[in-house]
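Asks: how would this look folded up:
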Amino acid sequence: MIIKKSINYVIAYVLWFVTILLGLWFVMLARSDLQGALATYYVRGSVTYIQRARLFDQVFVIVLGLLWLVFMVVTEWYFRTGALRPDWLKRFARVAGPVILLVFVADLFLFWLQGVSSGNWLRWLILAGELALGIVFLLYARSPSLPDQTKTELN
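Replies: Residues are numbered from 1 along each chain as shown. Below is the predicted model:
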């Protein structure tokens, strides 16, 4: 019984680690999007605009860092409390699905900033994979689950 609990906790923490890496990937893409948008549409060669763009970037990084920290804490609690339940894979899909869709949106915006015509088929394939994986995770998370068996296992 202790080995099964330990394995469940290890799986929960591995899934948590994957989700925080996905969140970190989104933060990095979102920062690249902001920097690209500021460089393309805001900075017009003026020192004042460049300083404002740096300020926007620094504030954005701080806000995203704090949101990522909150995401880390909340998802750790969510996975830890669900480690002994049979629906841990659905819990992962509930968290990872929206994060992957956010990565898709950020990646699509970055692709648009770089110029869609400059993209090759591999970039389109990556975007399609991100979208498909996010949708599949969300559909799996919303599918009907088996009856809760944790009460019978714990007694």
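Asks: Please give me every residue in contact with the most centrally placed residue in the chain.
Replies: Against the mean C-alpha coordinate of the chain, by Cα atoms, centre = their mean, the closest residue is residue 99 at 3.0 Å. With contact set as Cβ atoms under 8 Å, 6 or more residues apart in numbering, residue 99 has these partners: 19, 22, 23, 26. Just so you know, the C-beta spots here come from the backbone N, C-alpha and C atoms, and that holds for glycine as well.
Asks: Could you dump those into CSV and include neighbour count and secondary structure?
Replies: CSV is the format used below for the contacts of residue 99 (neighbours: other Cβ atoms under 10 Å; DSSP: H, G, I helix; E, B strand; the rest coil):
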residue, neighbour count, secondary structure
19, 22, helix
22, 18, helix
23, 22, helix
26, 23, helix
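Asks: which one of these sits closest to residue 4?
Replies: Distances from residue 4 to those, taken as Cβ to Cβ, are shortest for residue 19 (22.7 Å).
Asks: wait, doesn't that closest one sit right on residue 92?
Replies: Yes. Between residue 19 and residue 92 there is a contact at 7.1 Å, judged by Cβ atoms under 8 Å.
Asks: any shared contact partners between the two?
Replies: With contacts taken as Cβ under 8 Å, 6+ apart, the residues that reach both residue 19 and residue 92 are residue 79.
Asks: if we can go back for a sec, any idea of the mean pLDDT in the helix or strand the residue nearest to the centre of the chain falls within?
Replies: Assigned by DSSP states H and E, residue 99 belongs to helix 88-114. Confidence for helix 88-114, expressed as mean pLDDT, is 92.
Asks: next helix or strand past it?
Replies: Following helix 88-114 toward the C-terminus (DSSP H and E): helix 121-142.
Asks: In the one helix or strand residue 65 maps to, which of the residues would be classed as buried?
Replies: Per DSSP H and E: residue 65 is located in helix 47-81. By neighbour count on 16 or more other Cβ atoms under 10 Å, the buried set for helix 47-81 is 53, 60, 64, 71, 72, 75, 76, 78, 79.
Asks: Quick check: of the residues you listed, which lies closest to residue 46?
Replies: Distances from residue 46 to the buried residues of helix 47-81, taken by Cβ to Cβ, are shortest for residue 53, at 10.0 Å.
Asks: so what's the residue nearest to that closest one when sequence neighbours are not counted up against?
Replies: Nearest non-adjacent residue to residue 53, counting by Cβ to Cβ, 6 or more residues apart in numbering: residue 38, 4.3 Å away. Contacts for residue 38 (Cβ under 8 Å, 6+ apart) come out as 53, 56, 57.
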